[in-house]
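J.: need coordinates for the below:
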Amino acid sequence: MTADLILGIDTTSRHGSASLATAAGIEKTIEWRASPSHTVNLQRAGAALLEHAGDRLVAVAVAAGPGGFSSVRTGMAYAKGICLALDIKLSAVESLTALAASLPLMEPRRVVAALDAGRSSLFAREFEVGGALVNPLGDAALLSAIDLVALTTGDALLAGAFDEARRLELEAFTGDGASLQFISPVHPLAEAVAVAGWAKIGEMSGREVRTAVPTYLRAPGATLPKRGWGKA
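T.: Predicted coordinates:
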């Protein structure tokens, strides 16, 4: 008998991914970089993965934020469309929790998981992480770079997919003789989202497709469109 599949989707940052997973592990993953949006890449990846899954797809798990406003909305809308069309379940997964769960840590460590929010700010949340343990130590927040660095004081690891420019910016806010301990996820975030989705769907009624909402920590009006009808 062929195993059922869940489709995991992540569009919360510039790096996007989609993954098919059985209850036992990952089967197929596609990654991309938003250029400038996720829409076209998500449609292409989704079409390829849906064709691969065939009639084995039983649910979709989506990273529900925090993340970029349009990015999170794109992933959520695509996931809901599939679930409503196929009459399957939807699992909304908090993106920073998925990031923490994707870290290669065997022993418990204090971790600050962070995603780029643009304009020298980041979405962040503090966890205790080790093996299968992912224990939140606070709520998700929108922080400035300097406040994020302050949150990592002590022995905390700073987790995220940061480019060199962002790393240098963060390190500039450390005190004399101090340094940040960076750790990066080993696998695309959609894989952690898919695994988390499997853990949740057994308790769901299916109505979550209509009631699931994105998690936003910044109002949509905080940034203005750069072109088009809404240009300021």
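
J.: now the strands for the chain?
T.: Assigned strands in the chain, in chain order: 5-10, 15-21, 26-33, 57-63, 89-93, 109-118, 121-130, 133-136, 141-144, 157-159, 182-183 (criterion: DSSP state E).

J.: between the fourth one and strand 109-118, how many degrees?
T.: Relative orientation of strand 57-63 with respect to strand 109-118: 80 degrees, computed using axes from the mean of the first three to the mean of the last three CA atoms, to 10 degrees.

J.: again, but for the third one
T.: In terms of direction (the same axes, to 10 degrees), strand 26-33 departs from strand 109-118 by 40 degrees.

J.: what strands flank strand 26-33, and is each parallel or antiparallel?
T.: Partner strands and pairing direction for strand 26-33 (DSSP bridges) are strand 15-21 (antiparallel).

J.: now for the residue positioned nearest the centre of the chain: which residues touch it?
T.: Most central residue of the chain, judged by C-alpha distance to the mean C-alpha position with CA atoms, centre = their mean, is Ser95 at 3.5 Å. By CB atoms under 8 Å, 6 or more residues apart in numbering, Ser95 lies in contact with 10, 12, 63-67, 72, 115, 123, 189, 193, 215. Bear in mind the C-beta positions are built from the backbone N, C-alpha and C, glycine included.

J.: repeat for Val134
T.: For Val134, counting by CB under 8 Å, 6+ apart, the contacting residues are 97, 100-101, 127-128.

J.: any chance of a ChimeraX selection covering the buried ones in those residues?
T.: Remark: buried members of the contacts of Val134, expressed as a ChimeraX selection using 16 or more other CB atoms under 10 Å:
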select :97,100,101,127
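
J.: mind putting the contacts of Val134 in CSV, pLDDT and distance to Ala77 included?
T.: Conversion of these to CSV gives the following (pLDDT from 0 to 100; distance: CB to CB, whole Å):
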residue, pLDDT, distance to Ala77
Thr97, 95, 21
Ala100, 95, 25
Ala101, 93, 24
Phe127, 97, 28
Glu128, 97, 33
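
J.: so Gly75 makes contact with Ala63?
T.: Yes. Look at Gly75 against Ala63 with CB atoms under 8 Å: they come within range, at 6.2 Å.

J.: how is the chain partitioned into domains?
T.: Structurally, the chain divides into domains by automatic domain parsing as follows: 5-96+187-222, 104-183.

J.: can you give me the end-to-end distance of the last one?
T.: According to CA to CA, to the nearest Å, domain 104-183 extends 9 Å from its N-terminal end residue to its C-terminal end residue.

J.: pull the distance from it to the chain's centre.
T.: Centre-to-centre, domain 104-183 and its host chain are 15 Å apart (CA atoms, centre = their mean, to the nearest Å).
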